[in-house]
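[1] Quick one, what's the 3D model for this:
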Amino acid sequence: MCPQLPPSPPRWHAVFYPFNTITWSALAATLIIITFFFHLLISTDSSVVYNHKIDVVSTLVWMTRVLLSQAVPHIPSSPGTRPFLVCWWLMSLVLAASYVTNIIAYITVPDPPAKINTLRELANSIHPLYMGDYGTFVPRYLATSHDPVYRRLSQKLHLIQNYSEIKSYVLENNGAFIEGTAYMEYEISSWPVRGMYYLEETLFPYTTAWAFQKGTPWVDTFNRYLRRMVESGLVDRWRNEEILRYRKSQGRVTTKERSTRRRLRPLSLEDLQSAFYILGLGYLISTLTVGIEVAYNNHSNFRLW
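    Numbering: from 1, shown residues only. Presented below is the predicted three-dimensional model:
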């Protein structure tokens, strides 16, 4: 069993989610490089392209307009600029459309919090590992394993003498809990905590058996039919039905059952607050720019932008 799900990030972070870090970095680097080369192309252009003196910052702002779906009033007449702009504008339109569609998808159907899906991720996480001290098989199995992931799990494993105290240790330290799959699915239903989940990857497989007295003559016949029930999935189905019935009797349902009941909700101001943050940042930058220009104009005739 893995620790509780991490809290969802603030909704205003949605402005960064349409692209990953590598894409944002590549976009910024591409914009800077293209701005530099385009500035060299139009440095000899005598036509009016901007509303003020041509410089690198103005070129950067002008090149960014298409990314923000803003039209350009004039196009430079220097040779080679139009094919250059066609390629850049086509790329900008694709990026802008991808960003808008991705952010709409995230706002309407937000991604669930990131889970730990493998034992390697659990071993590399900061979460401690707990289990009841009822034998040395599992600790020795982890410590002597040839797999480095199992050895890392052994280093962060804590054995609890009193089994009834495991719940408090796990909840207070946001840790993970090692226990048999069937027992854990029953045990967790009595815990007053939601958001905990199971790691699908197991330490070692478990078997299902039917005990008979030694020398029973019909063992082979039972083995044949038991194997058919296991291979057909009947055993797993019966087990899941029993666990679901028990969890419902405890007032708790499984994650799969909750996920089928998708709750639709209207958009709120919290979903759109990133746009107001960007607007406020733009106003702040504009105010600072105006203040700097006014300060320079009061002391000289030089304009900064």
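
[2] secondary structure class for the residue nearest the centre of the chain?
    Centroid-nearest residue in the chain: Ala114, 4.8 Å away (criterion: CA atoms, centre = their mean). At Ala114 the chain is in coil, as set by DSSP: H, G, I helix; E, B strand; the rest coil.

[3] pLDDT score for it?
    On the pLDDT scale, Ala114 is placed at 70.

[4] Tell me the spacing between it and Glu121.
    As judged by CB to CB, to the nearest Å, Ala114 and Glu121 stand 10 Å apart. All C-beta atoms are positioned from the backbone trio N, CA, C, and that covers glycine.

[5] Gly215: how many residues sit nearby?
    Look at Gly215: counted by other CB atoms under 10 Å, it has 6 neighbours.

[6] Model confidence at it, what's the number?
    pLDDT, Gly215: 83.

[7] Equivalent analysis for the one 10 residues further on, please.
    pLDDT for Tyr225: 87.

[8] Starting from the one helix or strand it maps to, tell me the next helix or strand along the chain.
    Element membership for Tyr225, per DSSP states H and E: helix 219-231. Remark: after helix 219-231, the chain's next helix or strand is helix 234-249, criterion DSSP H and E.

[9] Could you pull out the buried residues of that following helix?
    By 16 or more other CB atoms under 10 Å, the buried positions in helix 234-249 come out as 243-244, 247.

[10] any idea which of those residues is closest to Gly180?
    Comparing these against Gly180 with CB to CB picks out Ile243 as the nearest, at 12.6 Å.

[11] Can you give me the distance of that closest one to Leu119?
    For Ile243, the distance to Leu119 - CB to CB - is 23 Å.

[12] One more: Ala105?
    Relative to Leu119, Ala105 is positioned 31 Å away (CB to CB).

[13] What about the nearest residue to Gln161 once chain neighbours are set aside, how many residues nearby?
    Spatially, and ignoring its direct neighbours in sequence, Gln161 is nearest to Asp133 (5.2 Å; CB to CB, 6 or more residues apart in numbering). Asp133 has 13 neighbours, counted by other CB under 10 Å.

[14] my read: Trp12 touches Ser274, true?
    Yes - assessed by CB atoms under 8 Å, Trp12 is found in contact with Ser274 at 4.1 Å.

[15] Can you pick out the residue with more neighbours from those two?
    The residue with more neighbours, out of Trp12 and Ser274, is Ser274; 19 against 16, by other CB under 10 Å.

[16] Just the mean pLDDT for the helix or strand that one falls within, thanks.
    Ser274 is part of helix 273-299 when elements are defined by DSSP H and E. Averaged across helix 273-299, pLDDT comes to 81.

[17] Show me the strands in the stretch 101-250 of the chain, by range?
    Remark: strands assigned in the stretch 101-250 of the chain by DSSP state E, counting those that start in this stretch are 129-132, 157-160, 176-177, 196-197.

[18] chain center to the third one, what's the gap?
    Which is strand 176-177. 22 Å (CA atoms, centre = their mean, to the nearest Å).

[19] go on, the last one?
    On the basis of CA atoms, centre = their mean, strand 196-197 sits 17 Å off its chain's mean C-alpha point.

[20] neighbours around Leu129, how many?
    Neighbour tally, Leu129, other CB under 10 Å: 22.

[21] so how far is Leu142 from it?
    Between Leu129 and Leu142 the computed distance is 9 Å (CB to CB).

[22] Overlap of the contact sets of those two?
    153, 157 (CB atoms under 8 Å, 6 or more residues apart in numbering).

[23] Please give me every residue in contact with the nearest residue to Ile32 once chain neighbours are set aside.
    Closest residue to Ile32 apart from its sequence neighbours, by CB to CB, 6+ apart: Leu60 at 7.7 Å. Counting by CB under 8 Å, 6+ apart, Leu60 touches 31-32, 35.

[24] Inside helices: which ones of those?
    Among the contacts of Leu60, the ones falling in helices (DSSP state H) are 31-32, 35.

[25] returning to that earlier point: okay, Ala105 and Leu119: which has more neighbours?
    Legend: neighbour count by other CB under 10 Å for Ala105 and Leu119, higher for Leu119 (17 against 13).

[26] any idea how far the more buried one lies from Leu199?
    7 Å.

[27] Please apply the same query to Ala105.
    28 Å.

[28] State the helix or strand in which Asp271 lies.
    Going by DSSP H and E, Asp271 is not in any helix or strand.

[29] Ile107 is in contact with that one, correct?
    Yes - under the criterion of CB under 8 Å, Asp271 makes contact with Ile107 at 5.0 Å.

[30] Not counting residues beside it along the chain, what's closest to Ile166?
    Of all residues not flanking Ile166 in the chain, Ile160 sits nearest, at 5.0 Å (CB to CB, 6+ apart).
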